[in-house]
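A predicted structure for the sequence below; I have some questions about it.
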Amino acid sequence: MNIGFYFCIILVPCFAIMGLLFAILKEKSAKFVSGFNALSKEEQSMYDKAYIAKDMRNSCFLWATIMLIGSLLSYFLTSYFAIAAYIIWGILFFKDVHMDAKKAFEKYLIKKSV
């Protein structure tokens, strides 16, 4: 039994479904992003919700692809590829984690033109 394959393949549909939800709901799905829904309505209006949704959609699809590749390689070659997939996913996931919501969403601020 290849446990690495199962650990990776179980996340593929989860990440793919999340990516589809962000793709279908577009800017309405920004409220599902952790920390964004904690901001007040006035603060939320300062951010580009469509860009947040697009960025999360792309991240979810990238994570699903990484886990799919990791599961296939661990199934056909060695289960160590599952460990590599989790390490790569962890690096990509935690580079976008911030303790401060304002810092997390600063790249999504709507630029005001003068």
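Looks like it came in fine. Residues are numbered from 1 along each chain as shown.

How much space separates residue 14 from residue 44?
26 Å (Cβ to Cβ, to the nearest Å). The C-beta positions use only the backbone N, C-alpha and C, and glycine is treated the same way.

show me where pLDDT drops low in the chain?
For the chain, the stretches with pLDDT under 70 are 113-114.

switch to 80 and redo it
Where the chain drops to pLDDT under 80, the residues are 1, 100-102, 111-114.

before we move on, back to that, give me the more crowded residue out of residue 14 and residue 44.
residue 44 (16 against 13; other Cβ atoms under 10 Å).

So that one sits against residue 38, correct?
No - between residue 44 and residue 38 there is no contact, the gap being 9.7 Å when judged by Cβ atoms under 8 Å.

Which parts of this structure are helices?
Per DSSP state H, the chain carries helices over the ranges 3-9, 11-25, 41-44, 49-76, 80-94, 101-104.

With distance to residue 31 as added columns, please give those in a markdown table.
Output for the helices of the chain, formatted as a markdown table (distance: least, Cβ to Cβ, whole Å):
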| stretch | distance to residue 31 |
| --- | --- |
| helix 3-9 | 29 |
| helix 11-25 | 9 |
| helix 41-44 | 8 |
| helix 49-76 | 8 |
| helix 80-94 | 20 |
| helix 101-104 | 13 |
